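**Student:** With the input below, show me the fold.
(one chain, ligands or ions: 1)
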Amino acid sequence: MPVNRRRFIQGSTGLSAIGAIGFMQNRYCLAAKKKESSAVPDLDTPLFIATWPFGKASCEAAVKVTRQGGSMVDAIEQGIWVTEADVKNASVGIGGIPNAAGQVELDACIMTGPDHNAGSVGGIQDVLHPISVARMVMEKTPHVMLVGDGAKQFAIDNGVSPTQLLTDNQQKRWQDWKKQQSAEKPKIDEDHHDTIAMLGLDSKGDLYGGCSTSGWGYKIPGRIGDSPIIGSGLYVDNKVGAAGATGLGENVMRHCGSFLVVEMMRHGATPTEACQQAIQRIAELDPKNLDNLDINFIALNKQGVYGAAGTSQGFKYSMADPRQSKVLTAKALSEKSIGPEGGNRK
Ligand code: ASP
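**Tutor:** Below you'll find the model as predicted:
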């Protein structure tokens, strides 16, 4: 049955009723149930949301792919291509921030709701579109995740041509960074990172997601973040909803962040509430306090309601459907502003 406005209204009403029970039971609830204020649900499908303002072009491209007859998996993959191929984007694909050894190592994953399938690559070098290699892992192998040289060789064996990813600009920045580091204790740059996580809902009410990043700037070679880890950087549950993460991956992956967001939705939270509740739960368990976690989530439920929340002020996310596209500001849980120099946070 196509997702339409009537079904959305029915879905919302159902959620409110469940949510009311959740509110009584769940001490993480922040406020009485109400409709999402951060987004006006629009049931024109397909609907895509993505992290950060740079995700808008990817969401628009994804809508276009479906209009031209592409599948939702094509749309997620090719939508993310746009960000991966943008040399000006300093945290995804070509032009991404290198590791401490000056090598660009990329992480990506993809997930499909109807068959609950997933594919992922971690720490892959010299590949322009890690999202496509993640898709190949999902579709062509019995595995979920390949990493490092094995992932690169798999990509080459499947027809991918190696690409030089380190741009002159990033090489210069890395050299400057290196000069400033003491030999004994190199500092990993916490302010240089960002990810595209993209979620999509089609007219059948099926959910899809993908994620791609160069990860934490000047990370220790071999470090893999939350982004390619199913349940951390991305999770899709076709019965409930989907969620994606961006921010300091270590603070997401120790808590299975995106899975947690989806579970909050399962228990009745709206997408924005689910993101807020997951962050609060993480803050409660994590030795770092809320101000220092630097994590953000986006979420989309099966009824087409979407939302987002971040630890700090300034996290933005994007949406597109066949009628419109826009950038929205997420709920912030603390007064602190997001890092000034975060990879692409403007
Ligand atoms: N989560 C990514 C990582 O830790 C980076 C980011 O989204 O800012 O690799």
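**Student:** Low-confidence ranges, the stretch 51-200 of the chain, go.
**Tutor:** The model of the stretch 51-200 of the chain has pLDDT under 70 over residues 182-191.
**Student:** ranges for the strands of it?
**Tutor:** Secondary structure of the stretch 51-200 of the chain (DSSP state E, counting those that start in this stretch): strands at 106-112, 117-124, 145-147, 195-201.
**Student:** Just checking the distance from the first one to the centre of its chain.
**Tutor:** Counting by CA atoms, centre = their mean, to the nearest Å, strand 106-112 is centred 9 Å from the centre of its parent chain.
**Student:** CA atoms only: put it into CSV for me.
**Tutor:** C-alpha atoms of strand 106-112 as CSV (Å, rounded to 0.1, in the frame of the first residue of the first chain):
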residue,chain,number,x,y,z
LEU,A,106,37.5,5.7,3.9
ASP,A,107,34.6,4.0,5.7
ALA,A,108,31.1,3.4,4.2
CYS,A,109,28.1,1.2,4.5
ILE,A,110,24.7,0.6,3.0
MET,A,111,21.6,-1.1,4.3
THR,A,112,18.3,-2.2,2.7
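**Student:** Show me what that strand is packed against.
**Tutor:** Judged by 3 or more CB pairs under 8 Å, 6 or more residues apart in numbering; DSSP states H and E, strand 106-112 is in contact with helix 72-84, strand 117-124, helix 130-140, strand 207-213, strand 234-237. C-beta here means a position set from N, CA and C on the backbone, and glycine is covered the same way.
**Student:** Mind listing what's buried along it?
**Tutor:** Residues 106-112 are the ones in strand 106-112 that count as buried (16 or more other CB atoms under 10 Å).
**Student:** Tell me the strands beside that strand, with direction?
**Tutor:** Paired strands of strand 106-112, with direction, are strand 117-124 (antiparallel), strand 207-213 (antiparallel) (DSSP bridges).
**Student:** what does the third one give?
**Tutor:** When sheet partners are counted by DSSP bridges, strand 145-147 sits next to strand 117-124 (parallel).
**Student:** Mind exporting the C-alpha coordinates of the strand it pairs with to CSV?
**Tutor:** Once non-C-alpha atoms are left out, strand 117-124 reads as follows in CSV (Å, rounded to 0.1, in the frame of the first residue of the first chain):
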residue,chain,number,x,y,z
ASN,A,117,20.7,-6.8,4.1
ALA,A,118,23.9,-4.8,4.6
GLY,A,119,27.4,-4.2,3.2
SER,A,120,30.3,-2.2,4.5
VAL,A,121,33.9,-1.3,4.0
GLY,A,122,36.4,0.1,6.5
GLY,A,123,39.7,1.8,6.1
ILE,A,124,39.7,1.4,2.3
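**Student:** what residues does this protein put near the ligand?
**Tutor:** Proximity of the chain to the ligand, by CB under 6 Å from any ligand atom, involves residues 193-195, 213, 215-216, 225-227, 246-249.
**Student:** same thing but at 5 Å, please
**Tutor:** Residues of the chain lying close to the ligand (CB under 5 Å from any ligand atom) are 193-195, 213, 215-216, 225-226, 246, 249.
**Student:** Reformat those residues as JSON lines; add neighbour count.
**Tutor:** Below are the residues of the chain next to the ligand laid out as JSON lines (neighbours: other CB atoms under 10 Å):
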{"residue": "193", "neighbour count": "30"}
{"residue": "194", "neighbour count": "27"}
{"residue": "195", "neighbour count": "33"}
{"residue": "213", "neighbour count": "30"}
{"residue": "215", "neighbour count": "30"}
{"residue": "216", "neighbour count": "23"}
{"residue": "225", "neighbour count": "27"}
{"residue": "226", "neighbour count": "32"}
{"residue": "246", "neighbour count": "33"}
{"residue": "249", "neighbour count": "28"}
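**Student:** Could you give the average pLDDT over stretch 240-248?
**Tutor:** Mean pLDDT, computed over stretch 240-248, is 97.
**Student:** Contact partners for the residue nearest the centre of the chain?
**Tutor:** By CA atoms, centre = their mean, the chain has its centre lying nearest to residue 197, at 2.3 Å. Counting by CB atoms under 8 Å, 6 or more residues apart in numbering, residue 197 touches 50-51, 209-211, 227, 233-234, 244-246, 298.
**Student:** same question, residue 310
**Tutor:** 247, 279, 295-297, 330-333, 338.
**Student:** If we use 7 Å, what do you get?
**Tutor:** By CB atoms under 7 Å, 6 or more residues apart in numbering, residue 310 lies in contact with 296, 330, 332.
**Student:** Can you read off the pLDDT for it?
**Tutor:** Confidence at residue 310, expressed as pLDDT, is 96.
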